[in-house]
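Asks: got a predicted structure here, sequence first:
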4 protein chains.
Amino acid sequence: MSTVIKNGTVVTADLSYEADVLIENGVITEIGPNLKGNETLDATGCYIMPGGIDPHVHLEMPFMGTYSSDDFESGTRAGLAGGTTMVVDFCLPNQGESLLDAIKRWDNKSTRANCDYSFHMAVTWWGEQVFNDMQTVVQQRGINTFKHFLAYKGALMVNDDELFSSFKRLSELGATAMVHAENGDVVAEMTAKLLAEGNTGPEAHAYSRPSQVEGEATNRAIMIADMAGVPLYVVHVSCEEAHEAIRRARQNGKRVWGEPLIQHLTLDESEYFHPDWDHAARRVMSPPFRNKKHQDSLWAGLMSGSLSVVATDHCAFTTEQKRFGVGDFSQIPNGTGGLEDRMPMLWTHGVGTGRITPNEFVAMTSTNIAKILNCYPKKGAVLVGADADLVVWDPEKSKTISADSQQSAIDYNVFEGHEVKGMPRFTLTRGQVAISDGEVKTQEGHGKFVERAPNATVNRALSQWKELTAPRPVERSGIPATGV
Amino acid sequence: MSTVIKNGTVVTADLSYEADVLIENGVITEIGPNLKGNETLDATGCYIMPGGIDPHVHLEMPFMGTYSSDDFESGTRAGLAGGTTMVVDFCLPNQGESLLDAIKRWDNKSTRANCDYSFHMAVTWWGEQVFNDMQTVVQQRGINTFKHFLAYKGALMVNDDELFSSFKRLSELGATAMVHAENGDVVAEMTAKLLAEGNTGPEAHAYSRPSQVEGEATNRAIMIADMAGVPLYVVHVSCEEAHEAIRRARQNGKRVWGEPLIQHLTLDESEYFHPDWDHAARRVMSPPFRNKKHQDSLWAGLMSGSLSVVATDHCAFTTEQKRFGVGDFSQIPNGTGGLEDRMPMLWTHGVGTGRITPNEFVAMTSTNIAKILNCYPKKGAVLVGADADLVVWDPEKSKTISADSQQSAIDYNVFEGHEVKGMPRFTLTRGQVAISDGEVKTQEGHGKFVERAPNATVNRALSQWKELTAPRPVERSGIPATGV
Amino acid sequence: MSTVIKNGTVVTADLSYEADVLIENGVITEIGPNLKGNETLDATGCYIMPGGIDPHVHLEMPFMGTYSSDDFESGTRAGLAGGTTMVVDFCLPNQGESLLDAIKRWDNKSTRANCDYSFHMAVTWWGEQVFNDMQTVVQQRGINTFKHFLAYKGALMVNDDELFSSFKRLSELGATAMVHAENGDVVAEMTAKLLAEGNTGPEAHAYSRPSQVEGEATNRAIMIADMAGVPLYVVHVSCEEAHEAIRRARQNGKRVWGEPLIQHLTLDESEYFHPDWDHAARRVMSPPFRNKKHQDSLWAGLMSGSLSVVATDHCAFTTEQKRFGVGDFSQIPNGTGGLEDRMPMLWTHGVGTGRITPNEFVAMTSTNIAKILNCYPKKGAVLVGADADLVVWDPEKSKTISADSQQSAIDYNVFEGHEVKGMPRFTLTRGQVAISDGEVKTQEGHGKFVERAPNATVNRALSQWKELTAPRPVERSGIPATGV
Amino acid sequence: MSTVIKNGTVVTADLSYEADVLIENGVITEIGPNLKGNETLDATGCYIMPGGIDPHVHLEMPFMGTYSSDDFESGTRAGLAGGTTMVVDFCLPNQGESLLDAIKRWDNKSTRANCDYSFHMAVTWWGEQVFNDMQTVVQQRGINTFKHFLAYKGALMVNDDELFSSFKRLSELGATAMVHAENGDVVAEMTAKLLAEGNTGPEAHAYSRPSQVEGEATNRAIMIADMAGVPLYVVHVSCEEAHEAIRRARQNGKRVWGEPLIQHLTLDESEYFHPDWDHAARRVMSPPFRNKKHQDSLWAGLMSGSLSVVATDHCAFTTEQKRFGVGDFSQIPNGTGGLEDRMPMLWTHGVGTGRITPNEFVAMTSTNIAKILNCYPKKGAVLVGADADLVVWDPEKSKTISADSQQSAIDYNVFEGHEVKGMPRFTLTRGQVAISDGEVKTQEGHGKFVERAPNATVNRALSQWKELTAPRPVERSGIPATGV
Ligand SMILES: [Zn+2]
Ligand SMILES: [Zn+2]
Ligand SMILES: [Zn+2]
Ligand SMILES: [Zn+2]
Ligand SMILES: [Zn+2]
Ligand SMILES: [Zn+2]
Ligand SMILES: [Zn+2]
Ligand SMILES: [Zn+2]
């Protein structure tokens, strides 16, 4: 069985050119003129791009005895509908749980995935077992990225010496550190203070974690990563302060990447001041939406390269679930959707305005993260030998985003009413057409786990530099040498 | 009894002008031409300036069962010899000790002081008693500045929620926060790692606490202070990273001050690479000396106003005491001298080069800190009604710094061999001549405690702004307002 | 004749304290408790502050065959009504005109002034005569500040080598450079382009000179001043880009000051989008009003010290004059009023919110500029011997700004409808009460020219540093030393 | 005739993988395992990379009646010896000369080239003819990059309105602006001043153009480019100030690239203080070498992406030519060599230390500039269809750089004595082996001109954004609308 995509323009992070693409057994086998296959997809007027990779999703995430409402089936279906062909979820061990046991739980959930996926491992507690498990996870389970929470005190949060210990361990293992960067101590105190003062509405969620709280934690994680000699990936960078810390680090030659979310790029804090409680509560996520100044900063970061990847932090809760927090914003489950909308929204506001080029779009939505995750060019590429995770992108196709027509399981959409221009004509997951001009043809369980090896090029380079510049003792002939 | 200083030029932070100064009962009673008094001091060719205030000293500080070697007698004598007429020491409660008990211990030591002094209170642990004692300390004991250690893990260090709690308490009390800003978790881990790798010499002290470790903690303290609504004073700012954090904060309108030390302004890290162990160990202090890039940053900060005060962190240990750390740098007592040398060194390298003006010199050595501490114009001023803490400064007087001729009790001087030009002809403490053209006439026990009231102008302004911009709940008619 | 101000609190840039102030012959002769004089002014509940100094006004400025509408009489009357007791106007030589002849013209106009005043000299062309006149102006006419226009191409603008030549001359003479910083080449081209495209309305004035055009020129002037070794004062800093350039310069230890205007601190660019042409045209000035981001930057600069002085650039044109530019924005005379409103507006939005303290208010409106201009403490001080240019400030007095009740000769006010709280109860010019609780008692011709000597402290320090760091030839024994 | 490179690892800016490369008729025709060809090159242990592109050379450049000593033959031979397979020279019209006539002169010189080359056009004067010629040059001569000199007053320099006019023209034509950024007015004045003061040695060349003079011009060019809506490429970025301006611009979303030179990355200003005049004079170039602080800045810029391309500004003068400037540094011809050394030096100090990865090395030396110049993937790529401009890089091959063994025609080498590790085993120019394990097999005249089309992706995106955000008139119903 072979498929050929004809009459389109291949657009990658690297270049654009006209060519047909031949796919056999889920893999790209030829790129060139006049290709033939059993099945033909017409890409006239379209761009043939690497399918999107969303490196930040939480599908069927355990929460207060229930789960986030999009699971690996509906979540990946939503992704495919928007041109995303791979997601990376966060495996979250319970306190005291072995990392390997946690992976088992995630393996169970992910069997239903419609597209390929991978996991980041979260370090949610610290101990000898975690230290030992990390090696197994890296060397036997194909996971080279480890998330740490500086927020969620009393639950997921780790403190600075645990962070430093874990980062040093990652450096040894050739893996990469990730952080959710907000100062959990301050958020906890602010939350208590706001509630005590009668600030109980969803807007107080934003008050409880201002941008400088995120900036501080980002800055701290960067320092600790540099001391440990490990590359760092900062998830959901929402504000100038965090971006500034990343920018400053990069300007000192540090290996740090920042990930803004499509929500923070296009929505702002005024959503929380909406008179409708549900409207506001549905937008509660961490970090919260920020003002226009921060938006400008994020866009500029993407344009200049100080920020690298656009993700969603897709973690969908229904209105009913959100209402757990009526009367107490701290009980509103944190998270919004976005998997289906990330690529059309970024194209519309980025490529459609001239802020970014189509090649940069591919870099930000797919190729950069594939390299960071060390699964390039299996993913994120249009190259012979690469997985045929492709999106045939029609720059003229448009729609108005609405919950009524979305794939996600929830009953609203934070982008409701937004017009997008630029959408998938076809989305292919390992060669299989999952979306065909609006028609959903996904296949539950088609998705496979993507293993990712450690010791990527950047890790090796960083280790070399750290070794070269490591502290050396001063040679002294007698100690103490002076008399008194 | 009256004293008149004649034929000099009064130089304050505000302006310079020729006038005589009349002193009666330890207070300035008249400034103008042709004044007369019982005693006359000739200031021909000299500047009559406010005596220096060193806001950062540790005299007779308890340490490993012994004490730092300069006590309130020798320390203040050294200060007076260099033109400094007031020192502020840090009162350090033991774990669990009442703040008031700690003050008693400090009261006992300070009875021998040759010049006036005050205390900062350190918050070295956290609990209800500390919370309550803080009010007493502020309202009854005349202390409005509270130091917090982000380093010295397992001893003085407080963590982020304690810091936030303490800062909020200070905001309520109208007091000011101070921090020793180095990330204690990282320093502790680095120390262990370096020792394990055989990096045991004094240079490893510097390796264990690179500049970014200081920058991180500074940045963190600033965020927490802003969230708490309290002005922040960062002691011993030694590097660009910490200075950058302060600068950035000030550029966001935050009330933050930075204090470089004269050592960091004039000495650099190459001292630690000296082949003589004693030479290197004698320079061990925290933060350690940095490279020239950091020196340039500190000077520029003083010139532009992003740094405010030059201090010493005078904490003198003999060579014998330093040798506790032979074979293990972490056992070298931290601290150097500087009380006698601060003003001549700063004049020589600052005014003598044109980098700063004489008025700016007065601001940095005396007036700025008097205002920050809220004891201006009793101290730090040449005004009628002010204490006659004065230095008659001879810009032509010079010497070569040497341990042989110093007042300090220790057997070396980190500035050994440095030439200075610009020294006191006379130093007066509340009108009494303590130093007269090189002759030491100090009087043990002459010094008195300086009480400092809370709610300084800056504290009030900051509280007003924080009140104005405090979070307000969104008014909603029904919650949730939307049906499902 | 003596006057005593009783029951008030003296508030200076340096400190606040309760005292009476005695004035004799226009000079402060005593400050202290229980003073007596012929006349008594009651300052109960008020602050006795140095009268404001507005260093940037254009009174009766020649323009297109007519003049700006406020002359030295109405302009200084407006100033006094708002608490300002000294203004500095710009003496503008015609092309080829001797600087001394220009001063004569300005001397003639200024005879009607109600309060003291001084002049900045503008360097509007370059040649040997200007070079020679500069010395006379500095040494015989008491002017030590020289303005240069980087904008107004074909009229006032000087190019870079003229600027460098003039700055070097100023360095020799111990004077200080000033710049109007906008890139005149770009403004001229943009103006032509906008008009050609049909952008003829007042909003196009703003389009023709975006913030980066100001930032560039500021940055350029700073570099040239540093190369020439002269302190630099940047007038009407309106935006982040210019402020950033100043900040960066100061952080490199350069002697640069920035002057935001009260208009830019409190009004924004939306004024130009007003549907009423007159409304927009009345706000046309250079630089134009900016957006909120820039306002925030200016406030932060004042708070942190990277900006130093608040002025007005008062240059008032009537609506009739503004209408010269109907159909062609480039013909709208540039300028707005503000002399009467500067201090109440700054107090309201600065002290009234807690952003600045009363002492900082005095620094920004009076003392800082008096020092920069080298007329301190004759002006800008409440000290014995200083001119009794004083404002008795009532923090509870309020009004709504309106053209109906203003002193200015024009028919509108850009702050129309703004509420202010904090106004003069009395304004005294050299001891004479000009404003008494709203009653105007100014005396035409009372004002005198204020001479200002060169070689201020900062100039001397800078020259010393430049001499110390001047290029030195490498000593070589033979040149070329190597054979070929 | 076909050639196959076997047993190597293909290393591109995008990725690394093991494959053979087949070349036919100068073009890459296949990449994959087990390829066969007439000729086989063994790449065991080597990286097969795109040949280097040096976008900044001056071969046989006219100068004072003579020429720079490396012409297109020796220059390109030197390039090939070091792994560089394409150079871009600057076509420099005389004052008043048609751009097309200047191209003819360059066409004549370049016939001897051993490898492919292209031209940047310089705008050295301004007038209607230049305006018109620009269109021909872009549309018919395949040149889309135009250089402007802000230095060399009285010769190549253009002023700001010429710059703005030219930049606007480039925007219309879809071309890209380039600048040599130093403030020519200041350099000219400084030069005269230094000579007058007896600073005549080569070190005074550096004194005459400090880093801030470069920073200023860079900042100015960036502003003007943004106003004109054209992408900007800044050549020979040597210092933090220029880098800062670029960084700041990029952080505002501007399309600006910076090009550090290998000399500035690895050599410093101390070279000018050498006691041997010849040693110093041989290093005279503009901008001059800077201190270590600037070096660190450049490296960090490359690592973080704020700087994009490493070039040489190869412009070689013999010692004899350099001696034109004995007694007057301003007569020393500006320029150094570097073509042969760029890639080995960057590999050694970049990849060899871990500061950059092999992929980043390719990006900086070849791919990035190929994209900027819009000749990618014809050049700068290892892709089927690309020109076979390849270097087979042996990371273990080492040498000590010496003039004795170099290809350049001059009698010294500024890197004399430097050890490099990492050198070409083979260099191929369009499939022809020019360098084979140290043996030079270049063929004079083999090189062809590379045409480069306008309207690259980035130009189009920028124009779209500028159109979207262009000034719009405010609609007003009546003007003026208010009565008086
Ligand atoms: Zn998160
Ligand atoms: Zn998340
Ligand atoms: Zn300390
Ligand atoms: Zn201390
Ligand atoms: Zn102006
Ligand atoms: Zn003006
Ligand atoms: Zn050049
Ligand atoms: Zn060049």
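Replies: Here it is on my side, so go on. Not measured: the values here are computed from a predicted model. Ligands and ions are numbered 1, 2, ... in the order given.

Asks: A strand includes residue A:411, no?
Replies: No - Residue A:411 is assigned coil when assessed by DSSP: H, G, I helix; E, B strand; the rest coil, not a strand.

Asks: does it touch residue A:319 like I think?
Replies: Yes - using Cβ atoms under 8 Å, residue A:411 is in contact with residue A:319, at 5.5 Å. (Each C-beta comes from the backbone N, C-alpha and C, glycine too.)

Asks: got any ranges where chain A has weak pLDDT?
Replies: Within chain A, the set of residues satisfying pLDDT under 70 comprises A:481-484.

Asks: write out the residues of it neighbouring chain D.
Replies: Within chain A, the positions near chain D by Cβ under 8 Å from any Cβ of the partner chain are A:13-17, A:247, A:250-253, A:299-301, A:303-306, A:351, A:353-359, A:371, A:376-377, A:381, A:457-458, A:460-468.

Asks: from these, list just the buried residues.
Replies: In the residues of chain A next to chain D, burial by neighbour count holds for A:13-16, A:247, A:250-253, A:299-301, A:303-306, A:351, A:354-359, A:371, A:376-377, A:381, A:457-458, A:461-466, counting by 16 or more other Cβ atoms under 10 Å in any protein chain shown.

Asks: now intersect those with the strands, please.
Replies: When DSSP state E is applied, these are split such that residue A:16 fall in strands.

Asks: for the helix or strand harbouring residue A:219, C-alpha coordinates in CSV please.
Replies: Residue A:219 is part of helix A:211-228 when elements are defined by DSSP states H and E. Output of helix A:211-228 as CSV, limited to C-alpha atoms (Å, rounded to 0.1, in the frame of the first residue of the first chain):
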residue,chain,number,x,y,z
SER,A,211,4.1,37.2,36.2
GLN,A,212,7.1,37.9,38.5
VAL,A,213,6.3,34.7,40.4
GLU,A,214,6.8,32.9,37.2
GLY,A,215,9.9,34.9,36.3
GLU,A,216,11.5,34.2,39.6
ALA,A,217,11.1,30.5,39.3
THR,A,218,12.3,30.4,35.7
ASN,A,219,15.4,32.3,36.7
ARG,A,220,16.1,29.9,39.6
ALA,A,221,15.7,26.8,37.5
ILE,A,222,18.1,28.2,34.9
MET,A,223,20.8,28.8,37.5
ILE,A,224,20.4,25.4,39.0
ALA,A,225,20.4,23.7,35.5
ASP,A,226,23.6,25.6,34.7
MET,A,227,25.3,24.6,37.9
ALA,A,228,24.3,21.0,37.2
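
Asks: strand partners (parallel or antiparallel) of the next helix or strand after that helix?
Replies: Helices and strands here follow DSSP H and E; after helix A:211-228, the next one along the chain is strand A:232-234. Strand A:232-234 has these partner strands in its sheet, going by DSSP bridges: strand A:176-180 (parallel), strand A:256-258 (parallel).

Asks: now the stretch 251-400 of chain A against chain C: closest residue?
Replies: Closest to chain C within the stretch 251-400 of chain A is residue A:293: 6.3 Å, counting by Cβ to the nearest Cβ.

Asks: isn't that residue right next to residue C:297, touching?
Replies: No - assessed by Cβ under 8 Å, residue A:293 is found out of contact with residue C:297, at 11.0 Å.

Asks: which of the two has more neighbours?
Replies: Neighbour count, other Cβ atoms under 10 Å in any protein chain shown: between residue A:293 and residue C:297, residue C:297 has more, with 27 against 14.

Asks: residues in contact with residue A:235?
Replies: A:56, A:147, A:178-181, A:259, A:311, A:313 (Cβ atoms under 8 Å, 6 or more residues apart in numbering or on different chains).

Asks: nearest residue to it other than its sequence neighbours?
Replies: Distances taken as Cβ to Cβ, 6 or more residues apart in numbering or on different chains place residue A:259 nearest to residue A:235, at 5.2 Å, with adjacent residues excluded.
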